[in-house]
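no FASTA, just this:
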């Protein structure tokens, strides 16, 4: 049918523009505007909590009699499943009888109690042990040989018919076997061999547990715990503690999960806040059995550590189990003679305590106060003799305490009141202001508390004995707190003077810069350029001799240090860090010439590091930093200086395409800001300035490699030129865009993957058409010269054989041409006369549009004809409906010929059963609704001529 009618249709398409529907955009906008309906919410509000009201129904008896209920239809059949919803099913009735509905007050109190129980006492602001683990392992190392005791863990086979008592006796013998010569000592292990052996033991523990060899698992844990009593290589002890406690944590988790799994009984798992009454007897017996086994361990240290590892299991036995065990375990540590071993035992108990019962602060405080009572042991003969044997100096030995003391104090200080800090300071004074304790106190408590007592801490630091712990480390810790919180204003200068007296006397460059970097930030925050320059001069004085600054990298925060870094990779990293800091902390735009010159130099250094081997990710990161800087530069109303800056930046950053794109956008924005200031009425000076901005963009765009970036920037810059009444420059941009379309490749790279470019080209051209509507014709180029040129380019472009994008573009051209025939266009550019004003509906102009329309429609119908093959019928259906919608929206269907064309397209869309039925139905409904409008009454006849066909 379509082929027969095609010749007739070709004679009709010329009527499309002559009969384009006259549009009154204002009235159409009013019709399409959503109707405002006053709403009476009453008591309803979307954020108001929902109140559920329970409907009470009468119980059913066994015979099924029910109370009569009103119904809207007595003959309606009752849904047999609906009784589940109203609470009349047997299970709901039974539950209701057994458990009466609680009152609202009871439910609220229960909810509050549950929320209180569920709320974690340790929040995200508490630094976990896992974050400290890696730092300890990296810091406390050794080159000395280590030894480890390894047990023989072969399981003895039990006879099949043995009695229960025999089985128990065998297990006890296995447990004692560890202490009866089954161990062998591995000597001369390197640190890595030692760590590998510990990891093997950890894996052996998991394997033994998974194979149901629980006694073997316990023996492994006991053996590992015994290693914590060995201090023969004392400088490695903190790392050994970390490795061994990893095994203890694994064991504790396995035991807890094992007992927890015994409480399930084919039901849902236990809630987090379960009570001991929910635990069955079997699980409780198993739990007690574990505690009894651990209590039989003869040595104190393994017995303490293993019991602490399963401390959480006390929850299965009683509500007060944990609170009763913590004081007892704290007292057990008093029996450990070595102060280093004892303090790490206290640290482990505090760690476990914070995990299972963080609200029990008393046990945490007790651990620390017990440590203070035994602190004098550090200077006793036993410890001193041990240090002499191992050739360890007292300052190094004291640093071994830091991880344990820091952790204990972190647990104590977490959300602690300020009065506790006062108590800690008093106790430190009683111990002679020990530097190690003072440093840990300053590291643990909130910075606001420390800053408020800065002068008190400085007085205590002065009185410290420097032989064991250097004072400059104490000042560094104080400075770190002052970087987070401000001290009293009257004390700020005195604090800086007291600190810098100590810092400037440091001879070691590394010690000096580690301390100075903290106090430079304090100086910048609270003082003027004079004080900052004084501090920086002192830093340069200390770090310049013997090029000591190179060993102190990375100290990248201050610009004067930039020239110190001669190695390019280091220099670029320093520049990146400076730019990141500037972009992050600079709140307002700047025009300071010193800052601009310095940062331009830094950005130039980053830019010049780009070469052919630079990765794309690195280029993107560098470009993002430079773009961040460019956005922060503003000369206010001095637009000429702003443009000069952009010109200079273009010459400096020509190798980074994203930077050039940003400069083009910035210059376009500058032109629009000029237009805003002048309110669209340019003077001779501002007109010349915006033409200079336009020229900047026109010169810069061709240097870009991405073709779609160039196309979009040509269009965007042309729009800016048009808005500023630069008509010839706008034409130049649009001509450049038209000439660039044939160069669009078939495939482009998008996020590293090759994709067809048709969809991107279609999107660009649709945006281009929208702009061409308001572009006035050039007096020397003829009518619609840009539209003609673009149509020629589209015609000559090689499209994919299986693509209909070319026809979709032609259909969008019809939208443009239809809009051009209107007496007044739907939108305009201020102070630019579009073709509706220039031609005023001239017949010659309309004739030219009509000729273009004939050409476009011919192309569309030709393509529809070529899609008549069986494999392309679906595409033909989709395009026919697309073209039908175009005629429906833009054509005057009161014309019989155009009306007939639309009917033919409708029938063609449905002819072979490929049309979407829902779409066709909704389209027909839309036509019927439009027919109710007075000026659209002819749609009634059209709707009668549009049949709906089934797929069959």
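Received, thanks. No experiment lies behind these values; they were computed from the predicted model shown. Numbers count the residues shown, from 1 in each chain.

for the stretch 351-500 of the chain, what spans make up the helices?
361-373, 381-390, 394-399, 402-413, 418-430, 435-444, 447-452, 454-462, 471-484, 492-503 (DSSP state H, counting those that start in this stretch).

Make JSON lines out of these and add mean neighbour count.
C-beta coordinates here come from the backbone N, C-alpha and C atoms, glycine included. As requested, the helices of the stretch 351-500 of the chain are exported to JSON lines (neighbours: other CB atoms under 10 Å):
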{"stretch": "helix 361-373", "mean neighbour count": "17"}
{"stretch": "helix 381-390", "mean neighbour count": "13"}
{"stretch": "helix 394-399", "mean neighbour count": "16"}
{"stretch": "helix 402-413", "mean neighbour count": "22"}
{"stretch": "helix 418-430", "mean neighbour count": "15"}
{"stretch": "helix 435-444", "mean neighbour count": "24"}
{"stretch": "helix 447-452", "mean neighbour count": "18"}
{"stretch": "helix 454-462", "mean neighbour count": "18"}
{"stretch": "helix 471-484", "mean neighbour count": "21"}
{"stretch": "helix 492-503", "mean neighbour count": "18"}
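
and residue 945, which of these is closest to it?
helix 471-484 (78.4 Å; CB to CB).

mind listing the strands for the stretch 151-300 of the chain?
183-189 (DSSP state E, counting those that start in this stretch).

could you pull out the helices for it?
Using DSSP H, counting those that start in this stretch, the helices of the stretch 151-300 of the chain run over 164-177, 191-210, 214-226, 237-261, 281-295, 300-309.

Show me what counts as buried in the longest one.
Okay, so that is helix 237-261. 237-245, 247-252, 254-256, 258-260 (16 or more other CB atoms under 10 Å).

tell me the helices in the stretch 801-950 of the chain, going along the chain?
Going by DSSP H, counting those that start in this stretch, the stretch 801-950 of the chain shows helices at 805-820, 835-839, 843-866, 873-890, 896-910, 917-930, 939-944.

List just the one of the ones you listed that sits closest to residue 759.
helix 805-820 (7.3 Å).

now do the same end-to-end measure for stretch 772-792.
Chord length of stretch 772-792, first to last residue, is 15 Å (CA to CA, to the nearest Å).

quick one: that stretch to chain centroid distance?
Centroid separation between stretch 772-792 and its chain, computed with CA atoms, centre = their mean, to the nearest Å, is 48 Å.

The helices of the stretch 151-300 of the chain: which one's closest to residue 392?
helix 237-261 (10.9 Å).

before we move on, the earlier item: mind putting the helices of the stretch 351-500 of the chain into JSON lines with mean pLDDT?
Formatted as JSON lines, these follow (pLDDT from 0 to 100):
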{"stretch": "helix 361-373", "mean pLDDT": "85"}
{"stretch": "helix 381-390", "mean pLDDT": "86"}
{"stretch": "helix 394-399", "mean pLDDT": "83"}
{"stretch": "helix 402-413", "mean pLDDT": "88"}
{"stretch": "helix 418-430", "mean pLDDT": "84"}
{"stretch": "helix 435-444", "mean pLDDT": "84"}
{"stretch": "helix 447-452", "mean pLDDT": "89"}
{"stretch": "helix 454-462", "mean pLDDT": "88"}
{"stretch": "helix 471-484", "mean pLDDT": "88"}
{"stretch": "helix 492-503", "mean pLDDT": "89"}
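
Dump the ones you listed into JSON lines; add distance to residue 749 as well.
Putting these into JSON lines (distance: least, CB to CB, whole Å) gives the following:
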{"stretch": "helix 361-373", "distance to residue 749": "59"}
{"stretch": "helix 381-390", "distance to residue 749": "63"}
{"stretch": "helix 394-399", "distance to residue 749": "54"}
{"stretch": "helix 402-413", "distance to residue 749": "51"}
{"stretch": "helix 418-430", "distance to residue 749": "60"}
{"stretch": "helix 435-444", "distance to residue 749": "51"}
{"stretch": "helix 447-452", "distance to residue 749": "49"}
{"stretch": "helix 454-462", "distance to residue 749": "58"}
{"stretch": "helix 471-484", "distance to residue 749": "45"}
{"stretch": "helix 492-503", "distance to residue 749": "54"}
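
ok, and for stretch 576-596, which residues are buried?
Those buried within stretch 576-596 under the rule 16+ other CB under 10 Å are 576, 578, 579, 582, 590, 595, 596.

Over to stretch 373-381?
Applying 16+ other CB under 10 Å to stretch 373-381 flags 374, 375, 378 as buried.

ditto for stretch 606-615
In stretch 606-615, counting by 16+ other CB under 10 Å, buried: 606, 607, 609, 610.

Return the residues in contact with the second one.
Spelled out, it's residue 607. 622, 626, 652, 653, 655, 656, 659 (CB atoms under 8 Å, 6 or more residues apart in numbering).

Wait, a helix at it?
Yes. With DSSP: H, G, I helix; E, B strand; the rest coil as the criterion, residue 607 is part of a helix.

Residue 666 versus that one, what's the distance?
17 Å (CB to CB, to the nearest Å).

now the third one
Distance of residue 609 to residue 666, given as CB to CB: 23 Å.
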